[in-house]
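# turn this into a structure:
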Amino acid sequence: MRLALFQPDIPQNAGTIIRLCACFDVPLDIIEPCGFIFSDAKLRRAHMDYEQRAIINRHKSWTDFETKNTSNRMVLLTTKGNSNLDGFKFSSIDTLIMGSESSGVPEKIHQKIPNKVRVPIGPRTRSLNVAVCASMVLWEALRQTGKLPSQVPNN
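Numbering: from 1, shown residues only. I've put the predicted structure just below:
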């Protein structure tokens, strides 16, 4: 299981997702260019010290990412998804792809990925925050594949 961010725009969201991936021991792919400098203070504030625990792979482009991820099934998280989160069957070889906050992924990438999942939300709303959506979908994917960390008290 992996999580991928396509050209993230907002450093706080990327930082939160870095922390999410560190907490669940899930590798994170960041497909550049980013809409911010990767050393941005807002990014650091959101991920705190979790960047040191996270497995982060940066890719120069979609092509670079696609070339290096041939063995994983790509699953696009999108408001235009053809499957609801509660009905989708995840696999341990999935890469969950999140589009940029401002524009998602380009149509040519959207068309390439047959597995598209959406989180159903109320009719008077457009979308969830990308970090919130990533958290919900990653947790469900890990639950389905038996990869959730066991609950251990922090004593």
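
# going forward, measure contacts and count neighbours with C-alpha atoms only.
Will do.

# quick one, helices of the protein?
Ranges of helices in the chain, per DSSP state H, are 11-24, 41-47, 62-68, 107-112, 130-144.

# identify each buried residue in the longest one, please.
Pointing back at helix 130-144 there. For helix 130-144, burial by neighbour count (16 or more other Cα atoms under 10 Å) applies to 130, 131, 133, 134, 135, 137, 138, 140, 141, 142.

# got JSON lines for the helices of the chain, with mean pLDDT too?
Shown next, in JSON lines, are these (pLDDT from 0 to 100):
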{"stretch": "helix 11-24", "mean pLDDT": "91"}
{"stretch": "helix 41-47", "mean pLDDT": "58"}
{"stretch": "helix 62-68", "mean pLDDT": "95"}
{"stretch": "helix 107-112", "mean pLDDT": "95"}
{"stretch": "helix 130-144", "mean pLDDT": "96"}
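
# looking at those helices, which is closest to residue 55?
Checking the helices of the chain against residue 55 by Cα to Cα gives helix 11-24 as the closest, at 7.2 Å.

# list the helices and strands the closest one packs on?
On a contact count with 3 or more Cα pairs under 8 Å, 6 or more residues apart in numbering; DSSP states H and E, helix 11-24 meets helix 41-47, helix 130-144.

# next, residue 124: phi, psi?
phi -100, psi 20 (degrees, to the nearest 10).

# burial measure for it, as a count.
Residue 124 is flanked by 6 other residues according to other Cα atoms under 10 Å.

# distance of it from residue 105?
The gap separating residue 124 from residue 105 is 23 Å, by Cα to Cα, to the nearest Å.

# what is the burial count for residue 51?
Counted with other Cα under 10 Å, the neighbours of residue 51 add up to 17.

# I figured it hits residue 18, correct?
Yes - between residue 51 and residue 18 there is a contact under Cα atoms under 8 Å: 6.3 Å.
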